[in-house]
Structures are given as structure tokens and as C-alpha cells.
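Engineer: can you look at this prediction? I've put the sequence above it.
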Amino acid sequence: MFSFSLGRVALCAPEHSAAQDDELAGLPQDLPEVVGTSGDQFRDSFTRLCLYLVLTTGEASGERSDDTVVIGTEYGNTAALARLQRDAAAKGRLLSAQYFPNATSSSASAFVNLRIGSTGRNMTVNAGPLTPVTVLWQALSALDRGRSDTSRVLIGDVYAPEAVLDAGLDTPDAPCTSGVLHAALLGGDDFTAEFSFGAGDAAPGTPLRAVHRGPARDGGTAREPAPDAGPAVFPDRNGAFAAHHFMGVLQELRPAEQAVLECRAPDGRHARVTVNRRPANSTDGRTW
């Protein structure tokens with residue numbers, strides 16, 4: 001079980017089409033001013049969007065910190081890698097080093113760490129449809145071990161045509177909508193989180209992700225839940241939207257309520273995080 005508090009949460013979903021040749025099309029208009037353009041030839045739109053989010057939350061002081069940065073993305077820098085291969089096919093041996101982007105699977109997290117002066121853990125996670133829950137588990141593990149006081153979570157994708165084709169191989173009916181979530185998870189005691197992972201048969205029509213809200217139990221006493229219209233389901237391949245909704249539910253939880261984010265893959269693998277808001281009077285005598 002992990003304990004944590006929740007900082008600022010932001011979602012950026014650009015009106016971006018994977019068919020567009022211009023990687024900046026649809027991204028925030030002030031992105032060049034916020035992120036800067038120096039070294040832009042080495043960054044793709046996913047990396048730029050991650051930088052934009054961490055720099056516009058008001059929490060990036062520019063001073064060195066022990067923050068952990070965990071990026072959860074299935075396709076991340078695919079657009080830059082695909083562009084590199086197209087350029088290589090067209091230019092052949094004339095392709096010089098200046099065309100090579102820092103477009104490995106972990107380049108976005110490296111750029112974020114360098115920009116905000118973070119010296120904590122730095123990782124990129126790809127767990128397919130289970131990515132949102134897996135990312136939260138990694139981020140809270142860093143807090144639990146005392147390695148960092150803050151874990152910055154970035155979840156999402158900016159889709160290239162190649163990414164859309166690949167996603168359609170196992171989820172042909174799932175839309176691919178570009179967007180990235182940024183959330184700051186802080187050391188604290190407002191919430192507790194428990195995780196479970198497993199495998200089984202995938203029921204036909206099961207959504208990739210769902211968010212549930214309901215009462216938690218404290219000492220065997222069920223608390224009255226807030227009105228609930230049922231789980232919110234998210235068929236999109238991009239986990240940013242379910243994760244953003246989940247964070248919004250956490251911010252609205254009353255003492256002793258809980259929220260659940262559940263992710264399922266087409267092959268039956270599933271992951272779940274259950275978050276409880278601490279009751280008004282906790283069992284150890286402290287007031288939260």
C-alpha cells in the first residue's frame with residue numbers, strides 16, 4: 001500500500017491529425033515561447049508536448065531537485081524515428097548527423113529531466129493498454145522508497161501514421177487521439193493506493209479502461225458514497241484521457257471514498273489501482 005498526495009494535474013490534447021506532415025500542427029500556439037526552439041531539430045512533437053506541460057504547471061522552479069520523472073507512452077518518439085527512416089531512404093549516404101534526432105524510446109524523459117534539473121529516477125514505461133496503471137505504480141514506488149519527494153507522471157501519445165497502423169493490429173476499433181497528461185504525485189498522506197495485476201480471458205466488448213467511484217471501508221463501516229452514474233469507460237487507445245478523468249475523480253473524493261482505474265488488454269491482461277481518500281479521523285489518531 002502506498003500513501004501520497006496529489007499536486008497539479010493538466011491535460012493537453014492538441015487537434016493533431018496523424019496524417020499531417022507538420023509535427024507542430026495542432027500543438028499549443030505558445031509552445032515555441034514556453035519550450036524554446038533551440039535544439040528543435042532533435043525533438044519531436046511528443047517531447048515538445050511533455051516539456052510544455054511540465055513548464056506550464058507553475059511547479060518547475062528551474063532549481064535542481066530529486067524529482068522522479070515517469071513517462072508512460074506506447075509510441076512516444078515514433079514520429080521522429082519514422083521521419084529519420086524516410087529521410088535516410090531519400091537522402092541515402094547524404095544524410096548527415098544533423099538529421100538524427102534524440103529519438104530513442106526514452107528521449108522525452110531525458111529532455112524533461114535536464115530541463116527541470118531533476119536528479120531523481122528517470123524512466124519510460126510501455127505496458128500497452130496497461131500503461132496508466134503501471135506508470136502510477138512506478139511513480140508511487142519512488143515516493144514510497146524515499147528516493148523522491150515528487151514524482152512527475154506524463155502519460156500519453158502524439159500519434160504518427162505508423163503508430164496508428166500498429167495500434168490497429170490488436171485494437172482495430174479503438175480510436176487513437178493524441179494527448180498527454182501531466183500530474184505531480186507528492187509525498188503525503190491524503191490518499192492510499194493499492195495495485196493488482198493479472199491475466200485472464202478478455203470478455204468481448206470490454207473497454208480498454210474504466211474509472212469507478214464508490215465508498216471505501218474504514219474499520220468495517222461503509223461510508224455513504226457520492227452519487228454515481230456508473231463507471232466511466234474509455235475506448236481510446238491513448239490512456240491519457242482515462243488517467244486525466246481518474247485524477248479529477250481523486251480531487252473530488254470525500255473522506256473514506258475510493259476511486260478505481262482499471263485497464264485491460266485484448267489478450268486478457270489487466271491492471272487495477274484502487275485509491276482511497278483518508279477518512280476524516282484516521283485509525284492512528286491523526287486528523288487528515
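Structural biologist: Thanks, I have the structure now. Numbering: from 1, shown residues only.
Engineer: every contact and neighbour count from this point should use C-alpha atoms.
Structural biologist: Noted.
Engineer: so what's Ala108 closest to, chain neighbours aside?
Structural biologist: Closest residue to Ala108 apart from its sequence neighbours, by CA to CA, 6 or more residues apart in numbering: Thr47 at 4.6 Å.
Engineer: phi and psi next, for that neighbour.
Structural biologist: The phi/psi pair for Thr47 (degrees, to the nearest 10) reads phi -60, psi -40.
Engineer: distance of it relative to Ala80?
Structural biologist: Look at Thr47 and Ala80: by CA to CA, to the nearest Å, they are 10 Å apart.
Engineer: Ile155 too?
Structural biologist: Separation of Ile155 from Ala80 (CA to CA): 18 Å.
Engineer: who has more neighbours, those two?
Structural biologist: Neighbours were counted for Ile155 and for Ala80 using other CA atoms under 10 Å; Ile155 has more, 30 against 24.
Engineer: what's across from the closest residue to Arg209 other than its chain neighbours in the sheet?
Structural biologist: Leaving aside its sequence neighbours, Arg209 sits nearest to Cys263 (CA to CA, 6+ apart; 4.4 Å). Beta bridges link Cys263 to Arg209, Ala271, judged by DSSP bridges.
Engineer: residues in contact with Glu162?
Structural biologist: When contacts are counted by CA atoms under 8 Å, 6 or more residues apart in numbering, Glu162 touches Thr78, Ala79, Ala82.
Engineer: closest one of those to His212?
Structural biologist: Taking CA to CA as the measure, His212 lies nearest Thr78 of the contacts of Glu162, at 32.2 Å.
Engineer: and the closest one, how far from Val164?
Structural biologist: Distance, Thr78 to Val164, using CA to CA: 10 Å.
Engineer: quick one: mean pLDDT over stretch 208-228.
Structural biologist: The average pLDDT within stretch 208-228 is 66.
Engineer: SS state for Gly188?
Structural biologist: Using DSSP: H, G, I helix; E, B strand; the rest coil, the secondary structure recorded for Gly188 is strand.
Engineer: what number of residues lie near it?
Structural biologist: The local packing of Gly188 (other CA under 10 Å) involves 16 other residues.
Engineer: do you know the pLDDT at it?
Structural biologist: The per-residue pLDDT reported for Gly188 equals 94.
Engineer: that one contacts Ser5, correct?
Structural biologist: Yes: assessed by CA atoms under 8 Å, Gly188 is found in contact with Ser5 at 4.7 Å.
Engineer: one step back: how close does the residue nearest to Ala108 sit to Ser107?
Structural biologist: Distance from Thr47 to Ser107, counting by CA to CA: 7 Å.
Engineer: the two: who's more crowded?
Structural biologist: Neighbours per residue (other CA under 10 Å) separate Thr47 from Ser107, with Thr47 holding more: 25 against 21.
Engineer: any idea how far Ile71 is from that one?
Structural biologist: For Thr47, the distance to Ile71 equals 10 Å [CA to CA].
Engineer: give me the common contacts of these two.
Structural biologist: Joint contacts of Thr47 and Ile71 (CA under 8 Å, 6+ apart) are Ala108, Ser109.
Engineer: can I assume Gly214 sits in a strand?
Structural biologist: Yes: assigned with three-state DSSP, Gly214 falls within a strand.
Engineer: what is the helix or strand where Ala80 lies packed up against?
Structural biologist: Element membership for Ala80 (DSSP states H and E) is helix 78-91. The contact analysis (3 or more CA pairs under 8 Å, 6 or more residues apart in numbering; DSSP states H and E) places helix 78-91 against helix 161-167.
Engineer: next, the buried residues of the helix it packs on.
Structural biologist: For helix 161-167, a neighbour-count test (16 or more other CA atoms under 10 Å) marks Ala163, Val164, Ala167 as buried.
Engineer: helices or strands next to whichever helix or strand Asn113 is part of in the packing?
Structural biologist: In this structure, Asn113 sits in helix 107-116 according to DSSP H and E. When contacts are defined as 3+ CA pairs under 8 Å, 6+ apart, helix 107-116 packs onto helix 45-55, strand 68-72, strand 122-125.
Engineer: export these to a markdown table and tack on mean pLDDT and distance to Val211?
Structural biologist: Formatted as a markdown table, those follow (pLDDT from 0 to 100; distance: least, CA to CA, whole Å):
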| stretch | mean pLDDT | distance to Val211 |
| --- | --- | --- |
| helix 45-55 | 88 | 23 |
| strand 68-72 | 94 | 18 |
| strand 122-125 | 90 | 21 |
